[in-house]
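S.K.: sequence first, predicted model second:
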Amino acid sequence: MHEMWCGPDASGQPVWHLLTADRTGTLCGVGKQEDSRRREPTDKHCFPCMATLQAVMQPTGAAAGEES
Ligand SMILES: [Zn+2]
């Protein structure tokens, strides 16, 4: 399970990112700031992080088609 971290996205809006397994960075590549005093409550999730997580959890080689 990936930990979450609230921080600015590429446009500066606070969103919930997903951290990498070693917690040194985010899945989307946004720099994780250790000293984040500003904790702005948000219910938004980082879309690139989510997309990356889904890609990771997908079995490799699966066709990107639709499932019925
Ligand atoms: Zn992110």
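M.R.: Right, received. Where do you want to start?

S.K.: residues contacting the residue nearest the centre of the chain?
M.R.: The chain has Cys49 as the residue nearest its centroid, 2.7 Å off, counting by CA atoms, centre = their mean. Residues counted as contacts of Cys49 (CB atoms under 8 Å, 6 or more residues apart in numbering) are 16-18, 26-28. All C-beta spots, glycine's among them, are computed from the backbone N, C-alpha and C.

S.K.: could I have the CA atoms of the helix or strand harbouring it written out in PDB?
M.R.: Assigned by DSSP states H and E, Cys49 belongs to helix 47-57. The C-alpha coordinates for helix 47-57 follow below in PDB (Å, rounded to 0.1, in the frame of the first residue of the first chain):
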ATOM      1  CA  PHE A  47      -4.500  12.300 -11.200                       C
ATOM      2  CA  PRO A  48      -1.000  11.300 -12.500                       C
ATOM      3  CA  CYS A  49      -0.300   9.500  -9.300                       C
ATOM      4  CA  MET A  50      -3.500   7.600  -9.500                       C
ATOM      5  CA  ALA A  51      -2.900   6.700 -13.200                       C
ATOM      6  CA  THR A  52       0.600   5.600 -12.300                       C
ATOM      7  CA  LEU A  53      -0.600   3.400  -9.500                       C
ATOM      8  CA  GLN A  54      -3.200   1.800 -11.700                       C
ATOM      9  CA  ALA A  55      -0.600   1.100 -14.300                       C
ATOM     10  CA  VAL A  56       1.700  -0.500 -11.700                       C
ATOM     11  CA  MET A  57      -1.100  -2.600 -10.400                       C
END
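
S.K.: what's in contact with stretch 8-28?
M.R.: Contacts of stretch 8-28 (CB under 8 Å, 6+ apart): 2-7, 30-32, 38, 40-46, 48-50, 52-53, 56.

S.K.: buried sites along stretch 42-58?
M.R.: 46, 48-50, 52-53 (16 or more other CB atoms under 10 Å).

S.K.: is that stretch positioned near the ion?
M.R.: Yes. Residues of stretch 42-58 are located near the ion by CB under 5 Å from the ion, namely 46, 49.

S.K.: so how far is that stretch from its chain's centroid?
M.R.: 5 Å (CA atoms, centre = their mean, to the nearest Å).
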